[in-house]
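[1] 3D model of this:
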Amino acid sequence: MSQFVLPELNAMQQIANIVASLSTQERKRVASWLVEYASQEAPETVEEPDGSTHSDAVDNTSTNSADESLEMRFTTFGDLYSAVSPKKGAQKAAVAGYWLETEQGQRSWKASEVNKLLKSIDVKVSSISIVLTNAVKVDDPLIMELERMGDGERSRKTFCLSERGLAYVEGASGKTA
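    Residues are numbered from 1 along each chain as shown. Reported below is the predicted structural model:
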């Protein structure tokens, strides 16, 4: 029994070795992709008279349905940021907020989380707290303030994207809703 290794066990070991150096979030994205990939029907192989085989699988990569476009994911925050190419501070914060909400499943976020994401890809925004405070004050904002704990400059605020913010990021990134 020790010499016999199931193909599944071998595959799991290879996957574990490959993802060992990834962060928890990156592993979750790989696992999510793997579940989706594994749920696809395996192509049937046909053996030719000469002993060779070929797959009769149909390539469906060019026929994206509306549901598939909603499932499109960016591999990294940097990929999303590059696709959107935001210019202004509020736009940059909206892209980071979008990542936190859609890819990390957060319902709200803080300025420090946005700043950390932007710094991770070497994007500098002077005083993200001021950018966010000003972003929520405009007509039809990209970002909304959800909660404020405390008063004055030292208050802790939580934010989320407005419908306009979601539409901005999705439209600019090519991700259609």
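[2] after the lowest-mean-pLDDT helix or strand in the chain, next one along is what?
    Within the chain, judged by mean pLDDT, DSSP states H and E, the helix or strand with the poorest mean is helix 66-70; its value is a mean of 36. Tracing the chain past helix 66-70, the next element assigned as helix or strand by DSSP states H and E is helix 77-84.
[3] Just the buried residues of that following helix, please?
    Neighbour-count burial for helix 77-84 flags 77, 80, 81, 84 (criterion: 16 or more other C-beta atoms under 10 Å). C-beta here means a position set from N, CA and C on the backbone, and glycine is covered the same way.
[4] In CSV, list those residues along with distance to residue 98.
    Shown next, in CSV, are the buried residues of helix 77-84 (distance: C-beta to C-beta, whole Å):
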residue, distance to residue 98
77, 10
80, 7
81, 10
84, 8
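[5] Relative to residue 28, how far out is the spatially most central residue of the chain?
    With distances taken as C-alpha atoms, centre = their mean, the residue of the chain nearest its centroid is residue 103 (3.8 Å). In this view, residue 103 and residue 28 are 9 Å apart by C-beta to C-beta, to the nearest Å.
[6] didn't residue 161 look like it was pressed against residue 99?
    No - the pair residue 161 / residue 99 is not scored as a contact, 10.4 Å apart, by C-beta atoms under 8 Å.
[7] where along this protein do the helices fall?
    Under the criterion DSSP state H, the chain contains helices at 7-19, 24-38, 66-70, 77-84, 89-98, 111-120, 128-135, 163-173.
[8] mean pLDDT for those: which is lowest?
    In terms of average pLDDT, helix 66-70 trails the rest of the helices of the chain, at a mean of 36.
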